[in-house]
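Trainee: A structural model of the following input is requested.
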Amino acid sequence: MFFRFSFVLVAVVLVVGSPLSAHGAPPMATEEQLTERAAVIVTGAVRRIYTSHEGSRTLHVAEVTVESCAKGGYEESDVLRVHYHEIAGAPFTAGSSGHTFVPRVGQRIDVFTRERDGAHEAVFPNGMREAEPLVFIQVHDAAAYDTIIAECLRLDRYLLGLDFATRRLGIAWDRDAARALFRFSVRTGASEWALLAFTDRLRAHPDDMDARGLATMLAWELRDDRDVFGRVLEFGRNNRHAGVIALLAMHLDWEGADGAFALYKEAMDLDPDLGDERLARTVYPHAIDAARDAGEDRTKAKWLAMARERFPEDEMNWAIRDK
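Mentor: Numbering: from 1, shown residues only. I've put the predicted structure just below:
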């Protein structure tokens, strides 16, 4: 039986109310006024927010991954750092006015900023607002989700893509949907859904190269968030998944970061086969080089002997390292 389906794109505009202050807030700026005052105008997804406090004000810096730029010369995937502060709560003090719209990580927003003291500051009072999101009707079959995910990719609708790619993988694992989920997660910095999807797949199918690669690449792409890297590493340790630990070591190695040798050793001690012959063939040369660079001559010799025994056809590769 074939099921017919359709989906609807509905644009929703959310209106932000006027900010308040004890001394009377300025009237809401019109679109024309915002455009005139702003040096940069972009639409994008919030991937990270830094917060600090200064007296009665709560200061924020939002990192926004740019989807489109109407003014200011930013390109798609550039990161714009936007400074803003929240309105102070009662009792109000002089200069307590602030932005009443406070974005969330992963939220898609329109931003109007001016340049001040070498930074981009959101135009006051309403230089930030939720962007018009696409809203899809609920669907229940994989083919419908595949169509919607493709549309989210085409339109760079990262947040909706996160939601629908996650739902699609909840029906059944799909390589294309998993890769789309990875892309949406990296663009927004929202890692939770992707981490769950990839690690759940690895628990059920430890040898799935796609899930293993996506989980470790996610950890590296979002490496500024150490919690993501740590959670993937913890998963590898708890599930005795040497391949996951080895790939994390390779990511560190490629960037010349500290800790690569220790992770290579942890993976090799756990399972010298690394769970996969193709992965082992790739990892062994890097691990041997890392041992050499770390001054671990005995470990280097041990791994070199293991490599020669397992992959004798690659002797030329091992001979280069036997110096």
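Trainee: Pull out the buried positions in the longest helix anywhere in the chain.
Mentor: Ranked by residue count and defined by DSSP state H, the top helix of the chain is helix 277-293. Neighbour-count burial for helix 277-293, counted by 16 or more other C-beta atoms under 10 Å, picks out 279-281, 283-292. Using the backbone N, CA and C atoms, a C-beta is placed for each residue, glycine as well.
Trainee: before we move on, what about stretch 307-323?
Mentor: Per 16+ other C-beta under 10 Å, stretch 307-323 contains these buried residues: 307-308, 311, 318, 321.
Trainee: Show me which pair in these is furthest apart.
Mentor: Longest distance between any two of those is 12.4 Å, between Phe311 and Arg321; criterion C-beta to C-beta.
Trainee: name the element the closest residue to Asp293 other than its chain neighbours belongs to?
Mentor: Spatial nearest neighbour of Asp293, chain neighbours left out: Phe261 (7.4 Å); criterion: C-beta to C-beta, 6 or more residues apart in numbering. Element membership of Phe261 [criterion: DSSP states H and E] is helix 260-270.
Trainee: Next up, the contacts around Leu202.
Mentor: By C-beta atoms under 8 Å, 6 or more residues apart in numbering, the contact set of Leu202 is 208, 211-212, 215, 235, 239, 241, 244.
Trainee: could those residues be laid out in a markdown table, adding neighbour count?
Mentor: Below are the contacts of Leu202 laid out as a markdown table (neighbours: other C-beta atoms under 10 Å):
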| residue | neighbour count |
| --- | --- |
| Asp208 | 17 |
| Ala211 | 23 |
| Arg212 | 26 |
| Ala215 | 28 |
| Phe235 | 19 |
| Asn239 | 13 |
| His241 | 25 |
| Val244 | 28 |
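Trainee: Where helices are concerned, which of these count?
Mentor: Per DSSP H, these map to helices at 211-212, 215, 235, 244.
Trainee: I figured the residue nearest to Asp293 hits Ile288, correct?
Mentor: No. The pair Phe261 / Ile288 is not scored as a contact, 10.5 Å apart, by C-beta atoms under 8 Å.
Trainee: where do the helices sit along the stretch 101-250 of the chain?
Mentor: For the stretch 101-250 of the chain, the helices defined by DSSP state H, counting those that start in this stretch cover 142-155, 158-171, 175-188, 192-204, 209-221, 226-238, 242-254.
Trainee: Please work out which of those helices is packed deepest.
Mentor: Ranked by mean neighbour count, those are led by helix 242-254 with a mean of 23 (mean count of other C-beta atoms under 10 Å).
Trainee: Need the contact partners of that helix.
Mentor: Contacts for helix 242-254 (C-beta under 8 Å, 6+ apart): 202, 212-213, 215-217, 219-220, 223, 229, 232-233, 235-237, 258-261, 263-264, 266-268, 270-271, 273-276, 279, 282-283, 286-287, 290.
Trainee: Taking their axis directions, that helix and helix 260-270 sit at what angle?
Mentor: 160 degrees (axes from the mean of the first three to the mean of the last three C-alpha atoms, to 10 degrees).
Trainee: tell me the angle helix 242-254 makes with helix 277-293.
Mentor: Using the same axes, to 10 degrees: helix 242-254 against helix 277-293 is 50 degrees.
Trainee: For helix 242-254, list the C-alpha coordinates in CSV.
Mentor: Extracted C-alpha coordinates of helix 242-254, given in CSV (Å, rounded to 0.1, in the frame of the first residue of the first chain):
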residue,chain,number,x,y,z
ALA,A,242,38.5,1.2,20.9
GLY,A,243,37.7,2.5,17.4
VAL,A,244,35.9,5.5,18.9
ILE,A,245,38.9,6.3,21.2
ALA,A,246,41.3,5.9,18.3
LEU,A,247,39.4,8.2,16.0
LEU,A,248,39.3,10.9,18.8
ALA,A,249,43.1,10.4,19.1
MET,A,250,43.5,11.0,15.4
HIS,A,251,41.5,14.2,15.5
LEU,A,252,43.8,15.5,18.2
ASP,A,253,46.8,14.3,16.2
TRP,A,254,45.8,16.0,13.0
